[in-house]
Each structure stands twice: as structure tokens, then as C-alpha cells.
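> Generate a structure from the sequence data that follows.
(chains A and B)
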Amino acid sequence: MKKIALIIAAVIGLAGCGETDLTPRAIQAETDVCAVCNMSITYEEFAGQLIEQDGDHFVFDDLGCLIEHINGMDQTELGAAFIKDAVTDEWLNIERAAYVYAKDEWTPMAYHVLAFEDEQAAEEWLDSGREGELLTLEDLYGFDWGNHH
Amino acid sequence: MKRLLLLMLFLSWPLGAVQAEESLQQKIDALPEGAVIELEAGVYNEAITIKKPLTINGADGAVFRVEGEKPAISIENTENVAIRNVQIEQGDTALLIQDSSNVTVERLRIIGADQAASVHRSKKLVLRELSIEGPDGHYSDKGNGIALYKSEDIEVSDNEIRNVRDGIYIEHAKGLRASGNSIQDSRYGVHLMYSEQVQITGNHFSGNVTGVMLMMSNDSRIHSNIIEEHIMPNASGLVLYDADTIEVTDNSITSNALGLSLQKTGGSTVAGNRFFGNQIGMEFINSAETNKTKGNEFTGNIIQLRSDARGGQIAGNYYDDAALLDLDEDGYGDTPYTAMQSYGQWMVREPVYQYFTEAPAVVLLNEMDREMNRLTSLVLIDNSPLMEAPSDLQTSASVSLWRLVLGAAVMAFAAFIWRKESAG
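Next up, the predicted model:
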């Protein structure tokens, strides 16, 4: 009986060492600060989030900070990254999102890039009378963030 | 009789409607440019928009109580406007200034507004003696006290701001002078973004997450402010992030979780400040090499200075934990002060390590550091540490003068008595 109990405990324990949970967590406005610029994250609608392969979470106040962090990190440690949808305020995986650089749209670090569920959603947003430039994730990695303030 | 009553009713009832009191906006629209309105005490339940030169002087008790999203007072596309001595009770934006110049706003009391004063693309502004009290709730759920966007040549002085997101938020501004303001219980006292030629002088910041947050800005000065008691999670007295040519001088930085943090900052000077009773006095992150730190006083901080890098220009500061000798009596220690310890470096990378600051192993490590670092020039070392705190020197000078005067007076009195007795 003791052996069975030990085996069950070991199985449960090992199950806990399974795959890392790569889902985004809720922002804590009281304590969360951007991992790049150290600003407290009080505009949740612009927040970004990155989860490393070991399960460590990093949060960001602006898409520009998230991309800066990714550009500077060991890419093998990147588990998943998310950004808030500019329309629905839901988390989007950055690899599946579409982006618009709109210089008249305010963001916490004045990077002026917004994320959308897909290209169609981004185009619909642009068709609603806003000015902007459609970008892909690859564009963001090479984007000259410093010159868009 | 009935006819008479009906006639009286006919004459009196509609008269009120026909001669309905003119709204304040109608009065403003009817006035010539440059007119002065002496606003009587009372509650005004309407939002007004000013689009021409005008002065409004409120009597005590003049209150704008406005519902809805429209700002209580809007000043748009005009110049030479002054508004004085009114109270605004508005849940959204209280005061909006856009595309205007030569605007003076004085002695306004703004209560419960999500955004108290918002300024866009304007210049030559004075915002003075405003009393701003934000709504209840967490700072992430409300707006700023005074927000300035793409504006220049602005005086923001002697304002009392509390309980907002950022007391004074500045984005793409130039030529701002913020002085004599008191900002408390907010996220950031002053939050600067992409701005230049800003003077932050003689203000009092306390109980915020961070007193002054200066980001991506340059050519500015933070001088003679009191920055104290910023002790919330992630709190700092003063943070410079990605900044250039900033002077931080003669400030009193007291009882903060972190006194001053320099992050990705270069070409700046930190001089004559008093770091007292902070958990960490000052830190450098990617900033150590091109900034000058001199003539500061580090007293009673758990960690005086820490850095994530080696090297840096620190010289001529006072450290209360320095064990120094001054055999040549030049006022500077004969041996260097090791201002950075390995443990301080680690704490920059892993802030949770601060919980072990006084653990026996850490104390031993610090002592080993102190001994080892005397042999190397690669660490953050002050080669000319001050023997006495600059504030002690000032205090002792004033005490000596006082004693000198008192002593001279006593001597003169004694001489007078002695001569008098001798003559007798």
C-alpha cells in the first residue's frame, strides 16, 4: 500500500514538472512594472507580456518595450509573447497579430504602434478614418523605434 | 374676477420663459475681445468654451458643476486669456487648453476630475496656485493632474496636487518651469517624456510611487527639491531613464525605497544632493561611465550606492559609513571609499536579494569586498571621499558665527561691568 501511495505521489509530482504554462496572466496595476523602462503598468490596454521557457513572466507597458526586450534576449528562452488588442482589449499572441503604426495614437511610451487580431481587423480600424501604416511582426523587429517619437 | 386672474397668470407665467436668464456662454459670445467678466458667486451648471481674448475673475464661491464628458472650461484657438479664482467640479476633464497662447490660469480649485487640466499644442502658459484633488480609487483608474502635450514656455508653480495618476505629466514639451509645487499620493509627481529645457525647482514630492520620473528627455535641471517617503512597491524618489545632460543638484532625497536611479543615462551631473535614510541611496543601471557624481552626502542609507557596471565617475562625496583618515588635513580621506559592493550589484539584477542585506553572510561578503577592492581600480570607487558632510560644514559655520556674536556680546558686557566696578 505504501509503495502504491509513493508511486501516486511521484506521478503527481512529475506531472507538475510537465510543460510550462505559456498563457498570459492578469496585470497587477499595484506592483507590475515594465521590464524595460520600469514604468508602472497603469494603462493595461497597451500592456505586453512575455513568458520564458522556464515559466518566468515579464510584463511591459508598451509594445515597443516588449520588442526591445525580445531583440535583446536569448531567443531560445522565448516561450510566448502577448500584446493587448487595441479594439477588444484581449491578449493576442504577437505571432498571430497584425500591427499599425499610427503616429497620432497615444501609447504610454509614445511608440504609437497598436496591435489587432488580424490584418482584416487592422484594415477595418484604418478604414474608420484613422491614419496609419500596416506592419507585420517582422517589421517590428527591425523597426526604428527611436525615430518614431 | 376670473378674467383678471387669468390675465395676471398670462402676464406672469410666460414672462419667465421669454426673459430666461442668458447663459454664461451666451454672455461670453456677446462680449468683445479683451473683455473682463467678474463672475458672481454661485453654481454654474454649464460648460463654457473660450475662443477669444478674455478674462474671467471669479468671486469666492463661484463654482462650475458640470456633468458629462465636455470639459467644464475649454480654451481653444485663441490668445490672451486669464481665468482666476473659480472652483470646478467635473468628473471628466475640468480644464482643456488647445492651440492657444498667453493663457494664465490662477487659483483654481479642481475636485474629483478624472483629468484636471489638459494642455495641447500651446505656448506661453501660466498655471499657478491650482488646488487639485483627484477622485477616489487606484491611480491606474484615473487621469493626471496637469498634463502638457507638445507645448512650450510654460510656468507651473505653487500648485497643490494629490491623489491623481501623474501630478504633472509632460510629453514633447520645451521650456517648462515647475517650481513650488506640492504633489502627493499619486503615481508620479512629475512625469517627463521626450522633453527638453525643463527646470524642476523647489518642489515637494512625497508619498507617490516615484517623485520625479524623467524619461527620454535632455538638457534639463532638477534642483533644490524635497523628495521624500516614496516607499510603495517599486518606489523611487527620482528616476532618470534614457536621459542626457540632466543636472540633479542640491535636492533633499530622504526616506525613499530608492533615492535616485540612473538608467541608460549619460552626460549628466549629480551634485550637492543629500541622500538620507533611503533603503538604497543611488543606483546606476547602464549609466555609470559618463555621469559625474560629486559633492553629495550619503547618510543613513542601508545601501549607499550600487551599480550593475564597473567604473564611473564618483568623487568628493561624503559617506557616513566610511572609515577614513585625513592625515594631511585637506578635508578628504587618505584612502578611497568603495562605494559599490558585489552584493549591491547583485541586488540591481535581483531586487529580492535586499531581504538578506544584513544577513551575517552578506556582512562578511561586504567586508571581504571592502578589503579586496582596495587593490583594484576596476570598481566604483570614490578616491577623494569627504571627511565631513557638506551639511555639517554649513551647520557648524552658522553655529560658530552665532557663538562668536554671543561671545563678543558677553565679553563686551563683562568689560563694561569691569570698567564700571574699577571706576567705582
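
> can you give me phi and psi for the residue positioned nearest the centre of chain A?
What sits nearest the mean C-alpha location of chain A, by CA atoms, centre = their mean, is A:F82, with 2.6 Å. Dihedral pair for A:F82: phi -130, psi 160, per degrees, to the nearest 10.

> so it touches A:E95, yeah?
No - if you go by CB atoms under 8 Å, A:F82 and A:E95 don't touch, sitting 9.8 Å apart. Using the backbone N, CA and C atoms, a C-beta is placed for each residue, glycine as well.

> circling back to that earlier point, how far away is the residue nearest to the centre of chain A from A:V59?
10 Å (CB to CB, to the nearest Å).

> quick one, what contacts the residue lying closest to A:S40 once chain neighbours are set aside?
Leaving aside its chain neighbours, A:S40 sits nearest to A:V33 (5.3 Å; criterion: CB to CB, 6 or more residues apart in numbering or on different chains). Counting by CB atoms under 8 Å, 6 or more residues apart in numbering or on different chains, A:V33 touches A:M39, A:S40, A:I41, A:V59, B:N234.

> For those residues, name the two members farthest from one another.
The distance between the two most remote of these (CB to CB) is 11.9 Å, for A:V59 and B:N234.

> okay, these two: which has more neighbours?
A:V59 (22 against 17; other CB atoms under 10 Å in any protein chain shown).

> Let's see which of the contacts of A:V33 end up in strands.
A:V59 (DSSP state E).

> send the alpha carbons of stretch B:352-361 over as CSV?
Written as CSV, here are the backbone C-alpha positions of stretch B:352-361 (Å, rounded to 0.1, in the frame of the first residue of the first chain):
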residue,chain,number,x,y,z
VAL,B,352,14.6,40.3,-3.8
TYR,B,353,18.1,40.0,-2.5
GLN,B,354,17.5,43.1,-0.5
TYR,B,355,15.8,41.0,2.1
PHE,B,356,19.1,39.5,3.0
THR,B,357,21.0,42.8,3.3
GLU,B,358,22.1,42.4,6.9
ALA,B,359,22.4,38.6,6.9
PRO,B,360,25.8,37.5,8.5
ALA,B,361,27.0,36.0,5.2
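
> Any part of that stretch near chain A?
No - taking CB under 8 Å from any CB of the partner chain as the criterion, stretch B:352-361 and chain A are apart, separated by no less than 12.8 Å.

> what's next to that stretch, contact-wise?
Here stretch B:352-361 has contacts from B:Q279, B:I280, B:I302, B:I303, B:Y343, B:W346, B:M347, B:V362, using CB under 8 Å, 6+ apart.

> now do 7 Å
With CB atoms under 7 Å, 6 or more residues apart in numbering or on different chains as the test, stretch B:352-361 has contacts from B:Q279, B:I302, B:I303, B:W346, B:M347, B:V362.

> Could you confirm the fourth one falls within a strand?
It refers to B:W346. No - applying DSSP: H, G, I helix; E, B strand; the rest coil, one finds B:W346 to be helix, outside a strand.

> Show me where chain A has its strands.
So, for chain A - with DSSP E - the strands run A:48-52, A:57-60, A:78-84, A:91-93, A:98-101, A:113-116, A:133-135.

> Quick check, B:S220 in contact with B:I246.
Yes - using CB atoms under 7 Å, B:S220 is in contact with B:I246, at 5.4 Å.

> Give me the common contacts of the two.
B:L214.

> A:L114: what's it in contact with?
Counting by CB under 7 Å, 6+ apart, A:L114 makes contact with A:A86, A:Y99, A:V100, A:A102, A:E105.

> What is the burial count for the third one?
This means A:V100. As a measure of burial, A:V100 has 23 neighbours, counting by other CB under 10 Å.

> Equivalent analysis for the first one, please.
The local packing of A:A86 (other CB under 10 Å) involves 24 other residues.

> go on, the one 3 residues further on?
Here the neighbour count serves as a burial measure; for A:D89 (other CB under 10 Å) it reads 11.

> From chain B, how far out is the residue nearest to it when sequence neighbours are not counted?
The shortest distance from A:D89 to any non-neighbouring residue, by CB to CB, 6+ apart, is to A:E45 (5.4 Å). Plainly put, A:E45 is 11 Å away from chain B if you go by CB to the nearest CB, to the nearest Å.

> Might one say that A:E45 is in contact with A:E90?
No - if you go by CB under 7 Å, A:E45 and A:E90 don't touch, sitting 10.4 Å apart.

> So between these two, which is more surrounded?
Taking other CB under 10 Å, A:E45 and A:E90 do not tie; A:E45 has more neighbours (13 against 10).

> which regions of the chain sit below the pLDDT cut-off?
Went with chain A since none was named. A:1-2, A:5-6, A:9-18, A:146-149 (pLDDT under 70).

> that answer is for a different chain, and I need it for chain B
For chain B (pLDDT under 70), the answer is B:1-20, B:309-312, B:340-341, B:345, B:348-349, B:370, B:372-379, B:393-400, B:424.

> And the residue of it that's closest to chain A?
When scored by CB to the nearest CB, chain B has B:S140 as its residue closest to chain A, at 3.7 Å.

> For chain A, which residues are neighbours of chain B?
A:A29, A:E30, A:T31, A:V33, A:C37, A:N38, A:S40, A:T42, A:A110, A:H149 (CB under 7 Å from any CB of the partner chain).

> Which ChimeraX command selects the buried ones in these?
Here is the ChimeraX command that selects the buried residues among the residues of chain A next to chain B (16 or more other CB atoms under 10 Å in any protein chain shown):
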select /A:29,33,37,38,40,42,110
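
> Can you tell me which residues in the stretch 251-400 of chain B are near chain A?
B:Q263.

> Before we go further, B:F298 is sitting in a strand, right?
Yes - counting by three-state DSSP, B:F298 is found in a strand.

> so B:T78 makes contact with B:S101?
No - between B:T78 and B:S101 there is no contact under CB under 7 Å: 8.2 Å.

> Please name the residues that touch residue 133.
Just so you know, I chose chain A. Taking CB under 7 Å, 6+ apart, one finds A:V100, A:Y101 in contact with A:E133.

> oops, I was thinking of chain B
B:I111, B:R162, B:N163.

> returning to that earlier point: export the residues of chain A next to chain B to JSON lines and tack on distance to B:L401?
Formatted as JSON lines, those follow (distance: CB to CB, whole Å):
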{"residue": "A:A29", "distance to B:L401": "52"}
{"residue": "A:E30", "distance to B:L401": "50"}
{"residue": "A:T31", "distance to B:L401": "50"}
{"residue": "A:V33", "distance to B:L401": "48"}
{"residue": "A:C37", "distance to B:L401": "48"}
{"residue": "A:N38", "distance to B:L401": "45"}
{"residue": "A:S40", "distance to B:L401": "47"}
{"residue": "A:T42", "distance to B:L401": "50"}
{"residue": "A:A110", "distance to B:L401": "52"}
{"residue": "A:H149", "distance to B:L401": "52"}
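
> Closest one to B:E22 out of the residues of chain A next to chain B, please.
With CB to CB as the yardstick, the closest approach to B:E22 among the residues of chain A next to chain B comes from A:T42, at 43.0 Å.

> ok, the closest one - contacts?
A:A29, B:Y139, B:S140, B:R165, B:R187.

> Can you list phi and psi of it for me?
Residue torsions, per degrees, to the nearest 10, at A:T42 are phi -110, psi -10.

> That one and A:G64, how far apart?
17 Å.

> With B:V362 instead?
In terms of CB to CB, B:V362 sits 37 Å off from A:G64.
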